[in-house]
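K.L.:
Turn this into a model:
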Amino acid sequence: MKIADIRAFLGRYFASVELSGSDQTEISGPAKIEEAVSGQVSFVANEKYYRHITESGASLLIVHHKAPVGDAPAGMSFLKVEDPYTAFVFILQRFAGARRIAEPGVAASASVASSARLGDNVSIGQYAVIGERCVIGDGTVIGPGTVLMDGVTVGSGCTLFPQVTIYDGTVIGERVTIHSGTVIGADGFGFAPQKDGSYIKIPQMGIVRVEDDVEIGANTTIDRATMGETVIEKGVKIDNLVQIAHNCRIGGDTVIASQAGISGSVKIGRNCLIGGQAGFAGHLELADRISVAAKAGISKSFLQSGQAIRGVPAQPMRDQLRQEAQIRSLGEMKSKIEELERKLMALQSQIGG
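P.N.:
Predicted structure coming up:
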């Protein structure tokens, strides 16, 4: 693409795309700003990386309208937009090649139940298994070795990578992406303790419902409800290696980073940010737009929207940072207390003498 083509393309998404330099240079593809060479496009979204502008070999940089570009190398062009990061995402999408997951149609080695209903232009890879009464929407791709147990519904435009397992009754919306190794709809961790110390398994009779435009990373597990539904609302993005237990509800457009563990019956609001390795006790609730720092331990509900919380147990970030500062000064405080004790003992000795 020429820079002029990229400018026109970005013009679909931004009201203003300002050009500085030539718009006729051919761009072969995107690259990291530190590694870009002539013919490539990169971006600078954060002020602390402005220093790379004078060092980069890229032919085109996507920058903010206020970015300093006066000392840029000769021949470098700029497209200035309000949100360079998102603009570069659109450019990556434009240059990204199609990923081959399964050939069009149903592979000869796939097993598709006679009662399953497939939409138009569905692709089902080698050795995939589609159970009885499954429904698969138009244009959905089912990767090799993926298993849909009985009664699964998958909407249109979905992509299930190889070796995904979807348990019976699960409902998946449209344009959902599920990466390899993920298991959706396995039994929730429910056991009734007995007087003799043993446990009786509680039947897990509910389902998992995944709404539209969700992406679920590799080796993530989402458990079916005991009764009712475990719900992943529209637009949620879940990283690799996340555990979501039975009867949880994850609010729309919430993002969950790797190795987070969410216990049963937790309700997380919309537009929350959950850091890696955060852990939730059961039956809690987070309001909308709450940010949870990595490794936080959430042991109570937070019902005020817009908070940032961290620590173990998690608490509002300002309180937790103050406590951390106090803990770091404990050694100094101990020395002062010991010194005061010595002075007090000496004073007592003088009085007693």
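K.L.:
From here on, just use CA atoms for contacts and neighbour counts.
P.N.:
Will do.
K.L.:
ok, now which ones touch Ser77?
P.N.:
Leu19, Ser20, Gly21, Ser22, Asp23, Ser59, Leu60, Leu61 (Cα atoms under 8 Å, 6 or more residues apart in numbering).
K.L.:
Widest-spaced pair of those?
P.N.:
Greatest spatial distance among the contacts of Ser77 (Cα to Cα): Leu19 and Ser59, at 12.9 Å.
K.L.:
ok so, going back, just the buried subset of the contacts of Ser77, please.
P.N.:
Among the contacts of Ser77, those that count as buried by neighbour count (16 or more other Cα atoms under 10 Å) are Leu19, Gly21, Asp23, Ser59, Leu60, Leu61.
K.L.:
Now do the helix or strand bottoming out on mean pLDDT in the chain: which elements does it pack against?
P.N.:
Within the chain, confidence by mean pLDDT, DSSP states H and E is lowest for helix 317-328 among all helices and strands, at a mean of 81. Using 3 or more Cα pairs under 8 Å, 6 or more residues apart in numbering; DSSP states H and E, the elements in contact with helix 317-328 are strand 308-310.
K.L.:
Sheet partners, orientation included, of the strand it packs on?
P.N.:
If you go by DSSP bridges, strand 308-310 pairs up with strand 291-292 (parallel), strand 315-316 (antiparallel).
K.L.:
can you list the residues that contact the first one?
P.N.:
Taking Cα under 8 Å, 6+ apart as the criterion, the residues outside strand 291-292 that touch it are Cys272, Leu273, Ile274, Gly275, Ala278, Gly306, Gln307, Ala308, Ile309, Arg310.
K.L.:
Mind putting those residues into JSON lines with neighbour count, distance to Pro68 and pLDDT?
P.N.:
Formatted as JSON lines, these follow (neighbours: other Cα atoms under 10 Å; distance: Cα to Cα, whole Å; pLDDT from 0 to 100):
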{"residue": "Cys272", "neighbour count": "26", "distance to Pro68": "34", "pLDDT": "98"}
{"residue": "Leu273", "neighbour count": "22", "distance to Pro68": "32", "pLDDT": "98"}
{"residue": "Ile274", "neighbour count": "24", "distance to Pro68": "34", "pLDDT": "98"}
{"residue": "Gly275", "neighbour count": "20", "distance to Pro68": "33", "pLDDT": "97"}
{"residue": "Ala278", "neighbour count": "25", "distance to Pro68": "39", "pLDDT": "98"}
{"residue": "Gly306", "neighbour count": "15", "distance to Pro68": "33", "pLDDT": "96"}
{"residue": "Gln307", "neighbour count": "18", "distance to Pro68": "34", "pLDDT": "96"}
{"residue": "Ala308", "neighbour count": "18", "distance to Pro68": "33", "pLDDT": "96"}
{"residue": "Ile309", "neighbour count": "24", "distance to Pro68": "35", "pLDDT": "96"}
{"residue": "Arg310", "neighbour count": "23", "distance to Pro68": "36", "pLDDT": "93"}
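K.L.:
of all the residues you listed, which two lie farthest apart?
P.N.:
The widest separation within these (Cα to Cα) is 17.7 Å, between Ala278 and Gly306.
K.L.:
Starting from Arg318, give me the distance back to Ser299.
P.N.:
18 Å (Cα to Cα, to the nearest Å).
K.L.:
Please say which of these two ends up with more neighbours.
P.N.:
More crowded of Ser299 and Arg318, by other Cα atoms under 10 Å: Ser299, with 16 against 12.
K.L.:
which non-adjacent residue is nearest the more buried one?
P.N.:
Spatial nearest neighbour of Ser299, chain neighbours left out: Ala281 (5.3 Å); criterion: Cα to Cα, 6 or more residues apart in numbering.
K.L.:
Can you get me a residue count around that neighbour?
P.N.:
Per other Cα under 10 Å, the neighbour tally for Ala281 reads 17.
K.L.:
So what does it look like in phi/psi?
P.N.:
phi -70, psi 160 (degrees, to the nearest 10).
K.L.:
the strands in the stretch 1-150 of the chain, which residues?
P.N.:
In the stretch 1-150 of the chain, the segments counted as strands under DSSP state E, counting those that start in this stretch are 18-20, 29-30, 40-43, 60-64, 77-81, 105-106, 111-112, 117-118, 123-124, 129-130, 135-136, 141-142, 147-148.
K.L.:
most tightly surrounded among those strands?
P.N.:
strand 141-142 (a mean of 29; mean count of other Cα atoms under 10 Å).
K.L.:
Could you list every helix and strand in contact with it?
P.N.:
strand 123-124, strand 159-160.
K.L.:
Please identify the pairing partners of it and their relative orientation?
P.N.:
Paired neighbours of strand 141-142 in the sheet (DSSP bridges): strand 123-124 (parallel), strand 159-160 (parallel).
K.L.:
Brilliant, that's me finished.
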